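**Q** Sequence isn't available, so here's the structure alone:
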């Protein structure tokens, strides 16, 4: 464990720096700042050697464990009572939206010939709940941490792009607040990005966005289970231990959804958990970014960026259609 201390202290310093960047530049989300700082650490002379050497054990721990702990805490943001209030028609529409977004993004990524598990990871991140979905999907597919870096970077950067683009597009289209909120909830990736996007149109938009987004988040468990079942069927018995059907941390995510639904925790505890979740995600994203070498990234980075932007446009269109149908 002592070997992890330098990397963990570096990740902690990066988290503080990410929050400072956000305070100075509110338009830059904390998680985006964390990814960028990680990329700088991996590619600036001096820190690059440390990221590949003394910091590596601690950063590897942060990238893996902190991300999973953050996913567990994400469950405390989801109340099944609030989601049920949407009604069966709306819920079925959101399920159809997620499935269409996943299939469309996966197809686009395959069309751009992205390697390895990148297509399924990007599809999960874009269609369900960003970094959390990538981490869960990587776990059931036994994907190496290094292979999650490009999907994580793309889902974070495209979600950040949505914070700037969607409010402008919403004003140009003259969308009512609730429709705009539903659009943000249906098409933006991470929960924090949804909040940042929707709050520009007021409290009604924010309320609609959060409920629609959390309905997408709930689908993390069944989508992960489906991917786990597929991975188990694809693996021969002689290939060793099979991947889990549902990872333990996803079960923890489900358990905390039930805790939030029962309403047994006070508001102060929920707020503390939300802050802790953002801290964990920021540390994990810095660690993932610190594993990216720009030269290696260019091998598939240009194709991956093109695939991500195309997928983002597709999901934004699907999300707008779903928002208009929900309003009707």
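**A** Now that the structure is in, tell me what you want to look at. On a predicted model such as this, the values are computed, not experimentally measured, just so you know.
**Q** which residue packs closest to residue 54, ignoring adjacent ones?
**A** The spatially closest residue to residue 54, leaving aside those adjacent along the chain, is residue 6, at 4.8 Å (CB to CB, 6 or more residues apart in numbering). Glycine gets a C-beta too; all of them are placed from N, C-alpha and C.
**Q** Helix or strand for the one you found, just tell me which one.
**A** For residue 6, the host element (DSSP states H and E) is helix 5-24.
**Q** List the buried residues of that helix.
**A** For helix 5-24, the neighbour count (16 or more other CB atoms under 10 Å) marks 6-8, 10-12, 14-15, 18-19, 21-22 as buried.
**Q** a markdown table for those, including distance to residue 110 and pLDDT?
**A** Listed next are these as a markdown table, based on distance: CB to CB, whole Å; pLDDT from 0 to 100:
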| residue | distance to residue 110 | pLDDT |
| --- | --- | --- |
| 6 | 40 | 93 |
| 7 | 35 | 93 |
| 8 | 37 | 94 |
| 10 | 36 | 95 |
| 11 | 34 | 95 |
| 12 | 39 | 96 |
| 14 | 34 | 96 |
| 15 | 35 | 96 |
| 18 | 33 | 95 |
| 19 | 38 | 95 |
| 21 | 35 | 95 |
| 22 | 35 | 93 |
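**Q** follow-up on the earlier one: so which elements touch the helix holding residue 6?
**A** helix 30-43, helix 56-61, helix 267-289 (3 or more CB pairs under 8 Å, 6 or more residues apart in numbering; DSSP states H and E).
**Q** mind listing what the residue nearest to residue 101 when sequence neighbours are not counted touches?
**A** Nearest non-adjacent residue to residue 101, counting by CB to CB, 6+ apart: residue 127, 3.7 Å away. Residue 127 makes contacts with 98-99, 101-102, 105, 133, 216, 315, as judged by CB atoms under 8 Å, 6 or more residues apart in numbering.
**Q** if you set the cut-off to 6 Å instead, what comes out?
**A** 98, 101-102 (CB atoms under 6 Å, 6 or more residues apart in numbering).
**Q** Closest one to residue 78 out of these, please.
**A** Using CB to CB, residue 98 comes nearest to residue 78 of the contacts of residue 127, at 14.7 Å.
**Q** That closest one contacts residue 220, doesn't it?
**A** No - Residue 98 is beyond contact range of residue 220, at 9.8 Å (criterion: CB atoms under 6 Å).
**Q** Let's have the helices and strands packed on helix 5-24 in a markdown table, adding mean pLDDT.
**A** Shown next, in a markdown table, are the helices and strands packed on helix 5-24 (pLDDT from 0 to 100):
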| stretch | mean pLDDT |
| --- | --- |
| helix 30-43 | 89 |
| helix 56-61 | 92 |
| helix 267-289 | 92 |
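**Q** Of those helices, which is nearest residue 151?
**A** Closest among those, using CB to CB: helix 267-289, at 9.7 Å.
**Q** Show me what the closest one is packed against.
**A** When contacts are defined as 3 or more CB pairs under 6 Å, 6 or more residues apart in numbering; DSSP states H and E, helix 267-289 packs onto helix 5-24, helix 30-43, helix 67-74.
**Q** Those into a markdown table, with extra columns for distance to residue 311?
**A** Formatted as a markdown table, the helices and strands packed on helix 267-289 follow (distance: least, CB to CB, whole Å):
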| stretch | distance to residue 311 |
| --- | --- |
| helix 5-24 | 26 |
| helix 30-43 | 18 |
| helix 67-74 | 22 |
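**Q** Quick check: which of these is nearest to residue 147?
**A** Taking these one by one with CB to CB, helix 67-74 is closest: 13.9 Å.
**Q** Now that closest one: buried residues?
**A** Buried residues in helix 67-74, counted by 16+ other CB under 10 Å: 67-74.
**Q** how about residue 26, secondary structure?
**A** Secondary structure assignment for residue 26 (DSSP: H, G, I helix; E, B strand; the rest coil): coil.
**Q** Phi first, then psi, for it.
**A** phi -60, psi -20 (degrees, to the nearest 10).
**Q** I'd like to know how far it sits from residue 33.
**A** 11 Å (CB to CB, to the nearest Å).
**Q** quick one, which of the two is more surrounded?
**A** residue 33 (25 against 9; other CB atoms under 10 Å).
**Q** Hmm, that one is touching residue 18, no?
**A** Yes - counting by CB under 6 Å, residue 33 does reach residue 18; the two are 4.0 Å apart.
**Q** Just the buried residues of the longest helix along the chain, please?
**A** Longest helix of the chain, by residue count under DSSP state H: helix 294-327. Across helix 294-327, burial judged by 16+ other CB under 10 Å covers 297, 300-301, 303-305, 307-308, 310-312, 314-316, 318-323, 326.
**Q** next one: stretch 207-226
**A** 207-221, 223-225.
**Q** how far out from the middle of the chain is that stretch?
**A** 12 Å (CA atoms, centre = their mean, to the nearest Å).
**Q** residues in contact with residue 118?
**A** For residue 118, the contacting residues are residue 151, by CB under 6 Å, 6+ apart.
**Q** Give me the distance between it and residue 101.
**A** Residue 118 is 16 Å from residue 101, by CB to CB.
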